[in-house]
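J.: Let me see the structure of the following:
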Amino acid sequence: MSMPKSPLIPNVHDIENYGSTQARQGDGAVANEPLSFSASNAGMLLIIYSQFFFASMDISVKLLGGLDPPVHALQVIVIRMGITFLCCEIYMTVKGIPDPIAGPKGVRTILFVRGVTGFFGLSGMYWSLQYLSVADATVLVFLTPLTTAVAGTVFLKESYSIKQAVAGVFSLLGVVLIGRPAFLFGSLEAIPQGFPDAGPGQRLAGVGACMVSVLGNTGAYTSIRAIGKRAHPMHVMTYFSLWCTIISSLGMVVFDIPVVYPTSWMWILLLLMVGVFGFAAQTLLTMGLQRETVSRGVTGMYAQVLFVVVLEWLFFGVMPSLLSVLGAAIIMSSALYVVMKKQKPHQDSTVDGTET
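T.: Modelled structure (predicted):
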């Protein structure tokens, strides 16, 4: 029995499809051929791949923060999203993709929602790190997969099984074991990245910023799934990067934030790495969410914690503790379980009228 249709996902058989890879018969029907493991889980795999680039971007930001002078979060967003916007426009111009700036008709409102909510998801996380430890902020922001799964069920009428919910809860438990936030474990010594000088009011502001990030990410990921393949991934990326650049630039003007100019080649290289890794990560994530239900796909986002642990060990010599290893094992097991237990799709359970 299929879920009822969502008003956010109309029947779009007559709208151009950006990304259907199913083989079709001569009469236009989808060929009834068994899919390989990678093909049937393409969305989930793309999401997991994207988390590697997100982790690489986080490492670049951490390295950038150790340079002098420090760069404000809004300037980092402007540079990162400015690079992303240029890459998107160049790609669509070269490939001849129509409506490279405005996007396809019929989804422009949802594209706008994706861009604005994505900004709050990104900036909320950056601002929370001013008052919270990395561990605390990570655990709080990783409420996003759970809230996104619920939003997909409520707004997009997607199925959300008990097994997926249990896997999501166990994945969040794994994140907690890796992050070991002070508000749960009560030991600031376990979190050397923390900010011990932050008072109760500042800490509350940091928690509020994390909740803004969670809500923003939830709106952004749900919007991507609602858009489906009715827009090219570069259209989605263009709206996100454009509005992030605009809002961040206005924020720098309103709050009189000075622009920090590069003082070394390492400074420039790290900023470019932030932009390139961010572009790759957002592109893969967008492609993955277009092909996968949000309730299932967001489980793959927990893989970012695994990549961060490995990269911190490689670049900073931070050896993972036994609890971190246990948390990583739980996350990997949960993600693998969701991948292996994928339900067979119904013909009427797609976003864009094609099998995903």
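J.: Run a quick check on residue 294 versus residue 151, I expect a contact.
T.: Yes: shown here, residue 294 and residue 151 form a contact pair, counting by Cβ atoms under 8 Å, at 7.1 Å. (C-beta placed from N, C-alpha, C; glycine too.)
J.: what do these two both touch?
T.: Overlap of the contact sets of residue 294 and residue 151 (by Cβ atoms under 8 Å, 6 or more residues apart in numbering) consists of 221-222.
J.: From what I see, residue 306 and residue 329 are in contact.
T.: No: using Cβ under 8 Å, residue 306 makes no contact with residue 329, being 9.6 Å away.
J.: Comparing those two, which residue is more hemmed in?
T.: Neighbours were tallied for residue 306 and for residue 329 using other Cβ atoms under 10 Å; the higher tally belongs to residue 306 (23 against 13).
J.: ok, now how distant is the more buried one from residue 178?
T.: As judged by Cβ to Cβ, to the nearest Å, residue 306 and residue 178 stand 8 Å apart.
J.: shared neighbours, those two?
T.: By Cβ under 8 Å, 6+ apart, the residues touching both residue 306 and residue 178 are 328, 331.
J.: what's the closest non-adjacent residue to residue 152?
T.: Spatial nearest neighbour of residue 152, chain neighbours left out: residue 294 (3.6 Å); criterion: Cβ to Cβ, 6 or more residues apart in numbering.
J.: ditto for residue 105
T.: Residue 105 sits nearest to residue 99 (Cβ to Cβ, 6+ apart), 7.8 Å away.
J.: Then residue 284?
T.: Closest to residue 284 by Cβ to Cβ, 6+ apart is residue 50, at 3.6 Å.
J.: Output the helix or strand hosting the one you found as CSV - backbone C-alpha positions only.
T.: Assigning secondary structure by DSSP states H and E places residue 50 in helix 42-65. In CSV, the C-alpha atoms belonging to helix 42-65 read as follows (Å, rounded to 0.1, in the frame of the first residue of the first chain):
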residue,chain,number,x,y,z
ALA,A,42,23.1,5.0,-5.7
GLY,A,43,21.4,7.8,-3.6
MET,A,44,22.7,6.5,-0.3
LEU,A,45,26.2,5.9,-1.7
LEU,A,46,26.4,9.5,-3.1
ILE,A,47,25.3,10.8,0.3
ILE,A,48,28.1,8.8,2.0
TYR,A,49,30.6,10.0,-0.5
SER,A,50,29.5,13.6,0.1
GLN,A,51,30.3,13.2,3.8
PHE,A,52,34.0,12.6,3.0
PHE,A,53,34.2,16.0,1.3
PHE,A,54,32.3,17.7,4.1
ALA,A,55,34.8,16.2,6.6
SER,A,56,37.7,17.4,4.4
MET,A,57,36.1,20.8,4.3
ASP,A,58,35.8,20.8,8.1
ILE,A,59,39.5,19.9,8.4
SER,A,60,40.4,22.7,6.1
VAL,A,61,38.4,25.2,8.1
LYS,A,62,40.1,24.0,11.3
LEU,A,63,43.5,24.5,9.7
LEU,A,64,42.4,27.9,8.5
GLY,A,65,41.4,28.8,12.0
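J.: other SSEs contacting that helix?
T.: Counting contacts by 3 or more Cβ pairs under 8 Å, 6 or more residues apart in numbering; DSSP states H and E, helix 42-65 packs against helix 73-95, helix 265-291, helix 294-297, helix 303-316, helix 322-340.
J.: contacting residues around the shortest one?
T.: Residues lying outside helix 294-297 but in contact with it, judged by Cβ under 8 Å, 6+ apart, are 43-44, 47, 148-149, 151-153, 156, 158-161, 164, 221-222, 225, 288-289, 338, 342.
J.: Recalculate using a threshold of 10 Å.
T.: If you take Cβ atoms under 10 Å, 6 or more residues apart in numbering as the criterion, helix 294-297 is touched by 41, 43-44, 46-48, 145-146, 148-153, 155-156, 158-161, 164-165, 167-168, 218, 221-222, 224-226, 285, 288-291, 338-339, 341-343.
J.: residues in contact with the spatially most central residue of the chain?
T.: Nearest to the geometric centre of the chain sits residue 285, at 6.0 Å (Cα atoms, centre = their mean). Contact analysis of residue 285 by Cβ under 10 Å, 6+ apart lists 46-51, 53-54, 220-221, 224, 233, 236-237, 297, 300-301.
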